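Asks: Build me a model from this:
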Amino acid sequence: RQEDANRTMRNAIVLILLLAGGITAFAILAAYPLMQLVGAKEDTIGLATSYFRIISAGIPLNALTMAINAAQRGLGNTRVTMLVNITSNLFNLLFCYLLIQGRFGFPQLGVNGAAVAACIGFVVGFVLCIISVTWKGTFLKLRVRDSWRLDKEIVRGITKIGGNAVLEQIALRIGFMLFARFVADLGTMEFATHTFASQFLQITFTMGDGIGIAGTSLVGQNLGKKRPDLSMLFGKAAQRMALTVSMILLTFIIVLRYPLFRLFTSDPDILALGAQIMIMVAIFQPFQTSSVVISGCLRGAGDTRFVAITMMACVTVIRPVVTYLMIYVFEIGLLGAWCAMLFDMILRLGICYWRFSSGKWFGIKV
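Replies: Residues are numbered from 1 along each chain as shown. Okay, the predicted model is just below:
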């Protein structure tokens, strides 16, 4: 079992290097038209393009780090991934402080400094991941002298699961890009408000994501032990934990929505609009955390195709269509755009919860 795991890890790394290398080359070469596509204006497109190119250079290392972290989580080694992510993000923050404004003798790079800091964080995370799989006594072990030749059966298995995951992520990015493009048309104030509120939504997302990672790992492990009953039990327990956490977050955000938004701005117009959107962020919590956990459990069971199709339908098609109607037809503005997001989230949760409760994922072979 250990050798199978290590062989699978080596094959995954080779595939990631090939894929990430191609994506990096494309992103660097096509950076300017891509920024135009997402709605960058003349006053920002230059900085956006240079930032995107620098970030894209770090894609291979970041992809390898995510792959090794995912493998560690699958084994239940969540402490390793926690340390990797915390350390890499601390380095990111440190060099943002040093490079954006040029402190303590470091060059003042502005926006590009933030991109360089992110790449430094990628490097640190990658180095720590390599240490975690070369350390003596570790279950996952990578050695240069081992065979790195691609195995057809392993590649087929990775493609079966990973291909659906890639499709899902592509669908998500397209949906997010279209949504951001519509919101950008509302104006600078609305887009700034949306960006600030999205930061809080992303922070709260990590709460559900952590519980979802635990659910993914436990569901997968118990299916491997031929105990689908325990997989179902752990999945529902994770969902209930996420729901409890989400209600605490909901209350916290509603009560402190004004002080929280003042951390970003003191502009009274943005603050007034932001307080309304923060209520939407609060309402998001039970649906977002439950959706993250349930979809994670389905991925852990190998039901990645169903999750990918659901994401494509909801995020790539339904969310942009409803957002377009809210903004351009009904003219509800930013609040309407967030209502479209909420509708998408509730729909995703309902579909994934139905699938999980049905137990149709019990017999999926990975």
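Asks: Assign a three-state SS to Gly102, would you?
Replies: When classified by DSSP: H, G, I helix; E, B strand; the rest coil, Gly102 comes out as coil.
Asks: list the contacts for it?
Replies: Gln108, Leu109, Gly113 (CB atoms under 8 Å, 6 or more residues apart in numbering). Placement of C-beta: from N, CA and C, glycine included.
Asks: Out of those, grab the one that's most surrounded.
Replies: Gly113 (22 neighbours; other CB atoms under 10 Å).
Asks: Grab the nearest non-local neighbour of that residue.
Replies: Of all residues not flanking Gly113 in the chain, Leu99 sits nearest, at 3.2 Å (CB to CB, 6 or more residues apart in numbering).
Asks: Could you count how many residues lie near that neighbour?
Replies: The number of residues packed near Leu99 is 21, by other CB under 10 Å.
Asks: Pull the contacting residues for it.
Replies: Phe106, Pro107, Gln108, Leu109, Gly113, Ala114, Val116, Ala117.
Asks: how does it look with 6 Å?
Replies: Phe106, Leu109, Gly113, Val116, Ala117 (CB atoms under 6 Å, 6 or more residues apart in numbering).
Asks: So for Gly76, what pLDDT did the model give?
Replies: Note on Gly76: pLDDT of 75.
Asks: How much space separates it from Ile213?
Replies: According to CB to CB, to the nearest Å, Gly76 and Ile213 sit 10 Å apart.
Asks: and these two? which has more neighbours close in?
Replies: The neighbour comparison of Gly76 against Ile213 (other CB under 10 Å) goes to Ile213, with 22 against 13.
Asks: for that one, phi and psi?
Replies: Reported as degrees, to the nearest 10, the phi and psi values for Ile213 are phi -60, psi -40.
Asks: picking up where we left off before, out of the contacts of Leu99, the closest to Asp267 would be?
Replies: Nearest to Asp267, judged by CB to CB, of the contacts of Leu99 is Gly113 at 25.2 Å.
Asks: Hmm, the closest one is touching Gln101, no?
Replies: No: counting by CB atoms under 6 Å, Gly113 does not reach Gln101; the two are 7.9 Å apart.
Asks: Can you give me the neighbour number for Ile86?
Replies: Applying other CB under 10 Å, I find that Ile86 has 11 neighbouring residues.
Asks: And it, which helix or strand is it part of?
Replies: Assigning secondary structure by DSSP states H and E places Ile86 in helix 78-100.
Asks: SS state for Gln36?
Replies: Under three-state DSSP, Gln36 comes out as helix.
Asks: distance of the spatially closest residue to it that is not a sequence neighbour from Ile55?
Replies: Nearest residue to Gln36, sequence neighbours excluded (CB to CB, 6+ apart): Ile45, at 6.7 Å. If you measure Ile45 against Ile55 using CB to CB, the figure is 15 Å.
Asks: Likewise for Tyr258?
Replies: Per CB to CB, Tyr258 is found 33 Å from Ile55.
Asks: between the two, which one's more packed in?
Replies: Set Tyr258 next to Ile55 and count neighbours by other CB under 10 Å: Ile55 wins out with 21 against 12.
Asks: Show me what the strand or helix carrying that one packs onto, helices and strands only.
Replies: For Ile55, the element it lies in under DSSP H and E is helix 45-57. The contact analysis (3 or more CB pairs under 6 Å, 6 or more residues apart in numbering; DSSP states H and E) places helix 45-57 against helix 2-29, helix 31-37, helix 111-132.
Asks: Point out the other helices and strands that the shortest one packs with.
Replies: Packing contacts for helix 31-37, counted by 3+ CB pairs under 6 Å, 6+ apart, involve helix 45-57.
Asks: re earlier: for the contacts of Leu99, could you give me JSON lines that also reports distance to Asp229 and pLDDT?
Replies: Listed next are those as JSON lines, based on distance: CB to CB, whole Å; pLDDT from 0 to 100:
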{"residue": "Phe106", "distance to Asp229": "56", "pLDDT": "90"}
{"residue": "Leu109", "distance to Asp229": "55", "pLDDT": "87"}
{"residue": "Gly113", "distance to Asp229": "52", "pLDDT": "91"}
{"residue": "Val116", "distance to Asp229": "50", "pLDDT": "94"}
{"residue": "Ala117", "distance to Asp229": "47", "pLDDT": "93"}
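Asks: which element is Cys352 on?
Replies: If you go by DSSP H and E, Cys352 is part of helix 334-358.
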